[in-house]
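Q: Here is my input; please provide its structure:
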Amino acid sequence: MGKATLIIMAAGIGSRFGGGIKQLEPIGPGGEIIMDYSIYDALKAGFDKIVFVIRRDLEKDFKDIIGNRIEKVVDVDYAYQEVNDIPVAYKNKLKNRKKPWGTGQAVLCCKGISDGPFVVINADDYYGKEAFIKANDYLTNAYKENPKKKMCMVGFILKNTLSDNGGVTRGICTVGEEDLLESIVETHNIERKGDKAVVIGCDNEREIDLESIVSMNMWGGFPDFFEILEAGFEKFLNTLDENDLKSEYLLPTIIGEQVKNNKMEVKVLQSSDVWFGVTYKEDKEAVVAAIHKLIADNAYPERLYV
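A: Numbering: from 1, shown residues only. Below you'll find the predicted structure:
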């Protein structure tokens, strides 16, 4: 069994690294950023390798800000997500594309780097200790049974994942027997309104149950998933025309299709932890307060990795 790897998708954090990029704002007493706490929780849960998915133009600054620190405490590797990293047959057709291809491509970049079970997360979301413990336990047990065509998703309760400063995007999940994922619908502009959650549309509002299970892009899987991603990416590119500059190859869509067609089993591991992140600049104050409370409650030391 290869090392249990934490894949952190960080290629979308911006080119002006350190110059006001919200995901890299220090939130801890020692200047820690959100990624630091995810890595700390993952190491405590049993993961022993970190792969950062970044763009090559961010490499030097990224290593200066976090990579060089983290490699002192755990095995670190890098995968590079680039817009031109596509099959040769599509390069001329899609030469005008500037935007990276989404989370599916981000994870595909790790093929050959992660050779065992892995968990993938967003760089700018705080997931909590419970999520990493449950994910590692599942991956360890599933690997012993039969990892082929199996994945897990850490599901959060919608009310624990909303921002007070505007709408968020969440994958609304339907969970069936034995906690298996039945469907996932990527839903944009979800806002808290009083004691309920609503989807803000062009003409109306649609209410969503605050107790709904949602995806925060925390998925666990095995090396066979890279083959699924690779085949699906080429099919995705084949559907695009040369003027399509925005369509993305997204994990919830990819995995949702696999589930719908009975090609994959996804175990939903529910976490009761409260999410927080810097979706909006105004979120920072609440995130800093949340981290300081966790430190006061002895969930984290004041200085990590020491």
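Q: starting at the chain centroid, how far to the longest strand seen in the chain?
A: Counting by DSSP state E, the longest strand found in the chain is strand 181-193. Mean C-alpha position of strand 181-193 versus that of the full chain (C-alpha atoms, centre = their mean, to the nearest Å) differs by 15 Å.
Q: ok, now stretch 210-217?
A: 13 Å.
Q: Kindly report the same for stretch 219-230.
A: 14 Å.
Q: what do you get for stretch 210-225?
A: For stretch 210-225 - counting by C-alpha atoms, centre = their mean - the centre lies 8 Å from the chain centre.
Q: what about it, average pLDDT?
A: Stretch 210-225 shows a mean pLDDT of 95.
Q: buried sites along it?
A: 212-223, 225 (16 or more other C-beta atoms under 10 Å). Glycine gets a C-beta too; all of them are placed from N, C-alpha and C.
Q: Next, the buried residues of the helix or strand just after the longest strand of the chain.
A: Downstream of strand 181-193, the first helix or strand assigned by DSSP states H and E is strand 196-200. Buried positions in strand 196-200, judged by neighbour count with 16+ other C-beta under 10 Å: 197-199.
Q: What is the nearest of those to V107?
A: V199 (27.1 Å; C-beta to C-beta).
Q: Least confident secondary structure element in the protein?
A: strand 276-277 (a mean of 85; mean pLDDT, DSSP states H and E).
Q: and that strand, what does it pack onto?
A: Counting contacts by 3 or more C-beta pairs under 8 Å, 6 or more residues apart in numbering; DSSP states H and E, strand 276-277 packs against strand 125-126, helix 284-296.
Q: Give me the contact list for the last one.
A: Put plainly, it is helix 284-296. 22, 25, 27-29, 32, 34, 37, 126, 164, 274, 276-278, 300-302 (C-beta atoms under 8 Å, 6 or more residues apart in numbering).
Q: Mind listing what's buried along it?
A: For helix 284-296, by 16+ other C-beta under 10 Å, it's 286-288, 290-291, 294.
Q: What residues sit buried inside the longest helix along the chain?
A: For the chain, the helix with the greatest residue count under DSSP state H is helix 129-145. Neighbour-count burial for helix 129-145 flags 129-136, 138-139, 142-143 (criterion: 16+ other C-beta under 10 Å).
Q: Check which helices and strands it is in contact with.
A: Looks like helix 129-145 contacts helix 34-45, strand 118-122, strand 150-157, strand 213-221, strand 265-271 (3+ C-beta pairs under 8 Å, 6+ apart).
Q: between these, which gets nearest to E177?
A: strand 265-271 (11.2 Å).
Q: quick one: the closest one to chain centroid distance?
A: 15 Å.
Q: And stretch 181-197, by the same measure?
A: Taking mean C-alpha positions (C-alpha atoms, centre = their mean), stretch 181-197 and its chain are 17 Å apart.
Q: Only alpha carbons, please: show that stretch as CSV.
A: Once non-C-alpha atoms are left out, stretch 181-197 reads as follows in CSV (Å, rounded to 0.1, in the frame of the first residue of the first chain):
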residue,chain,number,x,y,z
LEU,A,181,-24.0,8.5,-2.5
GLU,A,182,-27.0,8.4,-4.9
SER,A,183,-26.6,11.8,-6.6
ILE,A,184,-24.9,15.2,-6.3
VAL,A,185,-26.1,18.5,-7.7
GLU,A,186,-23.7,21.4,-7.9
THR,A,187,-25.7,24.3,-6.6
HIS,A,188,-24.7,28.0,-6.8
ASN,A,189,-25.6,31.1,-4.8
ILE,A,190,-26.8,29.4,-1.6
GLU,A,191,-27.3,32.0,1.1
ARG,A,192,-28.5,31.9,4.7
LYS,A,193,-31.8,33.8,5.2
GLY,A,194,-33.0,33.9,8.8
ASP,A,195,-33.4,30.3,9.9
LYS,A,196,-33.3,28.8,6.4
ALA,A,197,-31.1,28.4,3.4
